[in-house]
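S.K.: please work out how this folds:
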Amino acid sequence: MSQTLKKDVCELYAPGYQAAQVESSRIQKCLPPEVQYACLYWVQHLQRSGSQAYDGEEAHRFLQAHLLHWLEALGWMGKTSEGIQAILSLEAHVPVCYLSIIYKSLTCP
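M.R.: Residues are numbered from 1 along each chain as shown. Sure, this is the predicted structure:
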């Protein structure tokens, strides 16, 4: 997932497109089934494994680098609400002090 997700993952080069305006074959090419599965279920797998998203851990590094890319991918998949639920679930799973570090990394240069 970390190797696939990036800004403008479908390479449209213009913000504002809606998923309905983009051919599903393009979305499938940019987000193959295994990436879509990972986007939808990585939080559940993390929780069931007993792992945490502590500072420096793989999940924490992923969130710092790819939180917005992950949300963009979910938008293309039509699964934004599932992403919101995953974030809420993750918030309940991760200590508050670590969430503030993740969110801060999104807003600080």
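S.K.: who's in contact with the spatially most central residue of the chain?
M.R.: Central residue of the chain (Cα atoms, centre = their mean): residue 70, 2.2 Å from the mean position. Residues near residue 70 by Cβ atoms under 8 Å, 6 or more residues apart in numbering: 1, 5, 39, 83. Yep, even glycine has a C-beta here, placed from its N, CA and C like the rest.
S.K.: buried set for the helix or strand hosting the last one?
M.R.: It refers to residue 83. Take DSSP states H and E as the rule and residue 83 turns out to sit in helix 80-93. Within helix 80-93, the residues that count as buried by 16 or more other Cβ atoms under 10 Å are 83, 86-87, 90.
S.K.: picking up where we left off before, now the residue nearest to the centre of the chain. Its backbone dihedrals?
M.R.: Residue 70 adopts backbone torsions of phi -60, psi -40, taken as degrees, to the nearest 10.
S.K.: measure the residue lying closest to residue 35 once chain neighbours are set aside to residue 72 for me?
M.R.: Distances taken as Cβ to Cβ, 6 or more residues apart in numbering place residue 4 nearest to residue 35, at 4.9 Å, with adjacent residues excluded. Note on residue 4: its distance to residue 72, by Cβ to Cβ, to the nearest Å, is 12 Å.
S.K.: what's the answer for residue 27, then?
M.R.: From residue 27 to residue 72 the distance is 11 Å (Cβ to Cβ).
S.K.: neighbour count for these two, which is higher?
M.R.: Set residue 27 next to residue 72 and count neighbours by other Cβ atoms under 10 Å: residue 72 wins out with 21 against 18.
S.K.: about what we covered before: distance of the residue nearest to the centre of the chain from residue 33?
M.R.: Distance from residue 70 to residue 33, counting by Cβ to Cβ: 16 Å.
S.K.: do residue 45 as well
M.R.: 16 Å.
S.K.: repeat that for residue 68.
M.R.: According to Cβ to Cβ, residue 68 stands 22 Å off from residue 33.
S.K.: over to residue 8?
M.R.: Residue 8 is 21 Å from residue 33, by Cβ to Cβ.
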